[in-house]
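# Predicted model and sequence follow; I will ask about them next.
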Amino acid sequence: MSGDVTTEHDETAAHSATQTGHSRPTTPGWRRVFETIVGRELRTVVRTRTFIVLWLAFTAVVLGIVWIGDSAQAGYVPALVDLLTPLELLVPVLAIAFGYRAILGDERRGELDVLETYPISPPQHVLAVFTGRAMGLLVAVVFPLVLVFVLVAVTDSEMLGIYATHSGADSPVLFARFITLTALFALAVLAVALAISAVVSETRSALALSVVALVGLVIGLDLAIVYGFSAGLLGDTTLVHSLAISPLSAYRGLVFESAVVVAGGTGPAVASPIASLASLVVWTIGSLSIAAWRLNR
């Protein structure tokens with residue numbers, strides 16, 4: 001990163017000297033530094049073999065589930081139902097792998113000290129890192145789902161009549177919602193990974209804390225909600241909204257409410273869409289705020 005920023009600095013200084021006839025360098029603006037960091041993160045994602053292998057493996061698993069399970073022939077909603085449970089585990093693993101060393105790597109290479117001499121604040125730096133990593137992560141997550149979308153579209157839906165309860169129940173719009181919600185879920189977990197990367201000081205600590213966060217997000221919060229309900233701490237009226245506390249439950253509830261229940265026509269509410277969507281936003285913004293606060297210390 002320091003090399004990239006220095007290069008940008010030199011190019012700006014040379015341009016200024018050419019235009020004004022003076023050799024005094026000028027400092028690049030925060031937008032230029034922001035764009036440089038975003039570009040650096042994208043290049044890191046593209047050049048890192050681990051990310052490429054994870055993307056290929058994720059794509060193979062997603063396509064394999066749909067193809068082996070024959071949900072491609074059944075329709076869009078059966079396909080997303082088959083994919084929902086595996087994605088609840090695979091998306092957090094992928095997102096944490098993309099982000100758990102992002103800011104820690106800058107600190108260990110001394111690039112955070114270099115950035116202090118440039119006009120970019122810690123929140124802007126965190127947002128730039130998040131933007132670059134998010135672009136790579138979204139390609140890794142969304143691309144396989146788009147392939148599934150195309151696969152379902154070109155496959156004969158011989159089993160569609162068995163699933164649908166009324167005309168128009170199975171729709172590409174429902175699968176598009178599923179893709180969008182999966183992307184939002186991935187971004188929320190990526191933000192958590194960046195917060196972990198900013199808080200820890202060693203790679204081993206980052207990995208250990210990432211595993212703890214993964215277990216907590218995938219299992220821990222859900223189990224806590226189930227325990228609260230079974231112990232009588234959560235009533236029937238509050239359970240639907242309480243599920244939004246966990247980003248995983250929020251994601252699952254949004255998918256059911258916006259795609260599965262809609263396709264069935266009727267059914268009891270399994271989540272609060274507003275609370276669940278707000279939960280994903282809060283987890284994303286809150287985690288990025290923690291990362292920015294840690295860099296500002």
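Arrived safely, thanks for sending.
# Residue ranges in the stretch 1-150 of the chain under the pLDDT threshold?
1-28, 30, 105-119 (pLDDT under 70).
# same thing but 90
Across the stretch 1-150 of the chain, residues meeting the criterion (pLDDT under 90) sit at 1-37, 40-41, 44, 67-75, 77-78, 99-125.
# That one: helices as residue ranges?
With DSSP state H, counting those that start in this stretch as the criterion, the stretch 1-150 of the chain has helices at 2-20, 30-47, 49-68, 71-74, 76-99, 102-108, 111-115, 122-154.
# Nearest to residue 230 among those helices would be which one?
Nearest to residue 230, of all those, is helix 76-99, at 21.2 Å by CB to CB. Yep, even glycine has a C-beta here, placed from its N, CA and C like the rest.
# Give the buried residues for the closest one.
Across helix 76-99, burial judged by 16 or more other CB atoms under 10 Å covers 76-84, 87-88, 90-92, 94-99.
# ok, the residue nearest to residue 145 when sequence neighbours are not counted - contacts?
Spatial nearest neighbour of residue 145, excluding adjacent residues (CB to CB, 6 or more residues apart in numbering): residue 179 at 4.7 Å. Contact analysis of residue 179 by CB atoms under 8 Å, 6 or more residues apart in numbering lists 142, 145-146, 149.
# From residue 198, how far out is residue 179?
29 Å (CB to CB, to the nearest Å).
# how many other residues sit next to residue 238?
Using other CB atoms under 10 Å, residue 238 is surrounded by 12 other residues.
# for residue 147, that is, sorry about that
14.
# Contact partners for it?
59, 62-63.
# again, only using 6 Å
For residue 147, the contact set (CB atoms under 6 Å, 6 or more residues apart in numbering) is empty.
# cool, and residue 137?
Residue 137 makes contacts with 95, 98, 186, 190, as judged by CB under 6 Å, 6+ apart.
# can you check residue 223 too?
By CB under 6 Å, 6+ apart, the contact list for residue 223 is empty.
# so it is in which element?
helix 221-230 (DSSP states H and E).
# ok and that helix relative to helix 76-99, angle-wise?
Interaxial angle of helix 221-230 relative to helix 76-99 (axes from the mean of the first three to the mean of the last three CA atoms, to 10 degrees): 120 degrees.
# in helix 221-230, what counts as buried?
221-222, 225, 228-229.
# what is the rounded mean pLDDT of it?
Helix 221-230 comes out with an average pLDDT of 72.
# now swap in stretch 287-297 and tell me
The pLDDT scores in stretch 287-297 average 86.
# what comes into contact with that stretch?
Contact with stretch 287-297 is made by 122-123, 126, 191-192, 194-195, 198-199, as judged by CB under 6 Å, 6+ apart.
# Tell me the buried residues in it?
Buried, per 16+ other CB under 10 Å, within stretch 287-297: 287-288, 290-292, 294-295.
# how much space between the nearest residue to residue 34 once chain neighbours are set aside and residue 45?
Leaving out its chain neighbours, the residue that sits closest to residue 34 by CB to CB, 6+ apart is residue 128, at 4.8 Å. Using CB to CB, residue 128 is found at 14 Å from residue 45.
# do residue 271 as well
Distance of residue 271 to residue 45, computed by CB to CB: 32 Å.
# the more surrounded of the two?
residue 271 (26 against 22).
# Can you tell me how far that one is from residue 145?
Remark: distance between residue 271 and residue 145 (CB to CB) = 21 Å.
# Correct me if wrong: residue 51 contacts residue 45.
Yes. Contact criterion CB atoms under 6 Å: residue 51 and residue 45 qualify, at 5.2 Å.
# overlap in contacts of the two?
The contact sets of residue 51 and residue 45 do not overlap (CB under 6 Å, 6+ apart).
# Ok, which of the helices of the stretch 1-150 of the chain comes nearest residue 170?
Nearest of those to residue 170, taken as CB to CB: helix 76-99 at 5.0 Å.
# Hey, what's the angle from that closest one to helix 49-68? Just curious.
Using the same axes, to 10 degrees, helix 76-99 lies at 170 degrees relative to helix 49-68.
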